[in-house]
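Asks: turn this into a structure:
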Amino acid sequence: MSDHVAPQEKRLDVTDESPVSGLPAAALEDLPDVLVSPPWAAARKHRAPREIPGLEAPEPRVVGRPGEHERAMALEPDLVEWDPDTYWAEHNRFLSHYHGWKTADSVLSQLARNGAAVADAAVAEIASPWNGRALLPIRSTPAAALAAHWVLRLDAGRAPGLDWFDRHGLHAVPCLVPEAFGPKPYQRTTARGALRLLAWRHGPEAVTAAAEPHGPEAVAGVAAVLADPDRPLLNNPSVRVYGDLPRVLTADRAAVLPRSAVANLVAVLFQWSPRTPYPAVEAVAAACDPDSLARFSIALAHRYRFADRAVGQLARFGGAEAAELIAAQVKKSGARSLARTGFALETLAGFPADIAFPAMYRLARGKVHASVKTAAAPHLARIADRHGRSVEALADHHAPTLGLDDPDHLTLDYGPRTFRIEADDRLRLRVADATGKTRARPPRPGVRDDARAAEAAAARFRTLAKDLTAEQAFQADRLKDAMLASRIWDAAEFAHLTAHPVLASLARGLLWIGETPQGPQAFRFAEDGSFADADDKPLRLADGARVRLAHPVLLGPDLALWTEVFADYEILQPFDQLARPALHLTEEEARTGVLHRFTGATATFGALNRVLAWKSLFQLGTPDSRVSELHTRLFARDLPRAALNAESATIVDNAYLLAEIDPSPADREPDPEGRHRVLWIWFSPTKNRRRGVPTLRGDALDPVLVAELLADLGRATGIHH
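Replies: The predicted model follows:
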């Protein structure tokens, strides 16, 4: 998807409509053909052959991305227990959810183990676009045909189908050609539409050249299919323009588009999205005034109530205002319409990164349904990849300063008087007059002041104070998550943080650990902005030092000393940092991975469920049974693979926190107030609870994660250490 980003510059304001009264209608001969006589209104100029006999589908291949094979090999069935020595030999076929498998996971697992030999059977197994991630690595004619069908025939299949074409690009052409000139009309039409899609993305010449393995007749046939580059992918657009829309000016702003061209303009825009870059849009962009086209783009989306076909084109013409509108629509539709939400997020990701990322990031961390956050996450990762940064590093870069670094923004103009907004080290605002006298808020206008200007200035102060409070809370929450995730800042990232007016204010209230010539050391920000150690001595970081937020579990015996330092200096922390429990594993827990301290404790189901997760698992039936026995539910929490230390990550693929309780509820939704006894809680490299399966050593995991889990379990059971 990163190859299909709108070539658009940021527009700050497209809302003020320029007057167009008195301007003549543009002459039709001066407009692009697509606005005057579009290709869908005329007969085809070139006819491709209906069938080409003798075309053979290429041999299927499995094409993965780095790490995909390893992740697929690490997939496990959702079974309570199985024999790891015999399971894969006995279950060497695609398995359904009755056997503890999601279809996509089952297919990916078998592809990883058996490769291209099962590729065609895998395509037949996938069928639904909801399993689209399993189709991605398969490069074959059946896979290409299925992806084309999804893109062009199914609303729900559009995104996963385009994902497949993102993966395979021009390599899809040899796979599509046998279908494009095959005996089945439906498949033939769909495959030709997919060839046109590839031509939109890569150019007709590149697509034609990619057909050469099938011979000159196929090359000529593909060239004929692509002879009308502006022809729609599949069906001719059906557009009914109703109501008034802003007039669009020609590029020289000397005329407006005639009404007869507006319907064709709408049809053109409806065919463009970041992932289906309809080429005729470029001719329209060159012929029209960009500001009036931006106004038209936004009005069009409003007029069609942000339907998918009206949303995609916003990424090409709408600018920053359109990005904000899309984000607002995502908040509005949310989980109620995941298909629409998914397309809106896809469109938002197609904006230039400096526009797309802030809006997408706020959605991913905002008060929206978890499914929306999940859908936004891969788009965030792609945008960050375009920048060559991590998501959180880019979030630091885009953190708003709210004008605190702009002297003009901090000036309040009352006409004859001006005031200056000042902020202390905690970003508490005050106002200073020309004599230096400060007050908590702007004064009321005097008789000599410009009343309108003074009111506007006071309103701006109130808005800044409100926005600053919200932004501090948002960024403090980010920094807390960074501590819990053991995020590392490199030297450049940390320098940006210390120079940012909002982030630096929060950073001054926190304890950090950085690399020094003597090794990792904790430090705080001194009053002058330098760094100080626990003895109040200046601390110098090593050149290129990496830095992280200190968690109490990392401080050892220095925790008490640092707590005293922060208390003595009355440093208010933006979140609980030093007050968090610094819980360590016992020597036996570190060695065995079994959290013995909780064995025999009692807790309510609701309290345990807030720490763990109540998951459906299956009991494996006999080898001859078609389905497994009825599923059961047990506690299992997936732990992030990043929490494994480097040594353990080379040995195991996954990490889980498992638990067994007595009695084990059979209900789908157990009574949250029901009390249960903990039999045992343990770390495991697998979901497999079969007797004899080894546990995961407790010291294989990030101590910060372990400390937080111990604290959460302690609160659930009432056992505190």
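
Asks: for the residue nearest the centre of the chain, give its distance to Val502.
Replies: Closest to where the C-alpha atoms of the chain average out (CA atoms, centre = their mean) is Ala377, at 2.1 Å. As for Ala377, its distance to Val502 is 24 Å (criterion: CB to CB, to the nearest Å). C-beta coordinates here come from the backbone N, C-alpha and C atoms, glycine included.

Asks: what does Asn609 give?
Replies: 36 Å.

Asks: please apply the same query to Asp120.
Replies: The value you get for Asp120 to Val502, if CB to CB is used, is 55 Å.

Asks: who's more crowded, the two?
Replies: Comparing Asp120 with Val502 by other CB atoms under 10 Å, the one with more neighbours is Val502, at 22 against 16.

Asks: that one in helix, strand or coil?
Replies: Recorded secondary structure, Val502: helix (DSSP: H, G, I helix; E, B strand; the rest coil).

Asks: got a pLDDT number for it?
Replies: We have a pLDDT of 97 for Val502.

Asks: same question, Thr15
Replies: For Thr15, pLDDT reads 39.

Asks: also Asp624?
Replies: Reported pLDDT for Asp624: 53.

Asks: kindly report the same for Pro694.
Replies: What the model reports for Pro694 is a pLDDT of 94.

Asks: look up how far Leu658 lies from it.
Replies: On the measure of CB to CB, Pro694 and Leu658 end up 13 Å apart.

Asks: before we move on, what about Val611?
Replies: Val611 is 12 Å from Leu658, by CB to CB.

Asks: name the residues contacting each of these two.
Replies: Common contact partners of Val611 and Leu658 (CB atoms under 8 Å, 6 or more residues apart in numbering): Arg637.

Asks: phi, psi of Asn92?
Replies: When read as degrees, to the nearest 10, the backbone of Asn92 gives phi -100, psi 40.

Asks: so what's it up against?
Replies: Contacts of Asn92 (CB under 8 Å, 6+ apart): Gln110, Arg113, Asn114.

Asks: list the strands paired with the helix or strand bottoming out on mean pLDDT in the chain, with their directions.
Replies: Sorted by mean pLDDT, DSSP states H and E, the helices and strands of the chain end with strand 629-638, the least confident at a mean of 84. When pairs are called by DSSP bridges, strand 629-638 turns out to pair with strand 614-619 (antiparallel), strand 656-662 (antiparallel).

Asks: ranking these by mean pLDDT, which is last?
Replies: Lowest mean pLDDT within the strands paired with strand 629-638: strand 614-619, at a mean of 87.

Asks: buried residues in that one?
Replies: Of all the residues in strand 614-619, those buried under the rule 16 or more other CB atoms under 10 Å are Trp614, Lys615, Leu617, Phe618.

Asks: what do you get for stretch 649-665?
Replies: Counting neighbours by 16+ other CB under 10 Å, one finds that the buried residues in stretch 649-665 are Val652, Asn654, Ala655, Tyr656, Leu657, Leu658, Ala659, Ile661, Pro665.

Asks: the fourth one: what's it in contact with?
Replies: Contact criterion CB under 8 Å, 6+ apart gives Ala636, Arg637, Asp638, Leu639, Phe683, Ser684, Pro685, Thr686, Lys687, Leu696 as the residues in contact with Tyr656.

Asks: now the third one
Replies: Counting by CB under 8 Å, 6+ apart, Ala655 makes contact with Asp638, Leu639, Pro640, Arg641, Ala643, Leu644, Phe683, Ser684, Pro685, Leu696, Ala700, Leu701.

Asks: ok, and the closest non-adjacent residue to it?
Replies: Excluding its sequence neighbours, the residue lying closest to Ala655 (CB to CB, 6 or more residues apart in numbering) is Leu639, at 4.0 Å.

Asks: what's around that neighbour, how many residues?
Replies: Neighbourhood size, Leu639 [other CB under 10 Å]: 19.
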